[in-house]
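Asks: Sharing a model that was predicted from the sequence below.
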Amino acid sequence: MQTAAPPVDVTITQPAAALTATLTSQTNVLCYGEATGSVVITPAGGVSPYIISPAQTGLAAGSYTFTVTDANSCTTAVDVTITQPAAALTATLTSQINVLCYGEATGSVVITPSGGVVLISPRPTGLGGLYLHGNGCKQLHHRWM
């Protein structure tokens with residue numbers, strides 16, 4: 001007659017909380033066509049360490065799905081859309097008046113910007129110069145002497 005094996009006590013465990021991830025911050029592309037966007041994805045729960053892919057920096061405009069994987073290979077996803085200005089910043093010389101007499105400051109130009117997010121900062125006097133930018137994107141910088 002065989003005797004029965006003694007019972008075996010087993011405890012099955014799990015992580016204290018489910019794996020989650022949150023978009024903590026987002027920087028959109030400032031200058032059309034560049035890859036300067038970034039995000040910060042913050043994981044929680046699951047079992048650390050975490051791996052987040054793709055990279056959270058150097059992003060061009062577009063839709064991304066960031067996958068967070070914990071030490072147990074559990075995954076969760078965060079969808080993000082990186083935006084950019086609708087068009088590149090451009091500037092067109094609309095008109096130009098040259099200096100009439102040597103040494104005078106009678107010349108002028110009219111520059112017409114388009115695209116980007118345009119801010120115009122001309123110098124208020126004479127032929128000091130013109131600096132155009134949109135969101136810090138330098139398209140035209142001209143200085144007359």
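Replies: Okay, I see it.
Asks: Tell me where the model's unsure across this protein.
Replies: Across the chain, the ranges flagged by pLDDT under 70 are 117-145.
Asks: Helix, strand, or coil at residue 95?
Replies: Here residue 95 is recorded as strand under DSSP: H, G, I helix; E, B strand; the rest coil.
Asks: centroid residue for the chain?
Replies: residue 37 (1.7 Å; Cα atoms, centre = their mean).
Asks: So what pairs up with that residue in the strands?
Replies: Here residue 37 sits in beta bridges with residue 59, going by DSSP bridges.
Asks: OK, contacts around it?
Replies: 26, 27, 28, 29, 58, 59, 60, 61, 82, 84 (Cβ atoms under 8 Å, 6 or more residues apart in numbering). Quick note: C-beta positions are derived from backbone N, CA and C, even for glycine.
Asks: run the last query once more with 10 Å
Replies: By Cβ atoms under 10 Å, 6 or more residues apart in numbering, the contact list for residue 37 reads 26-30, 56-62, 64, 80-84.
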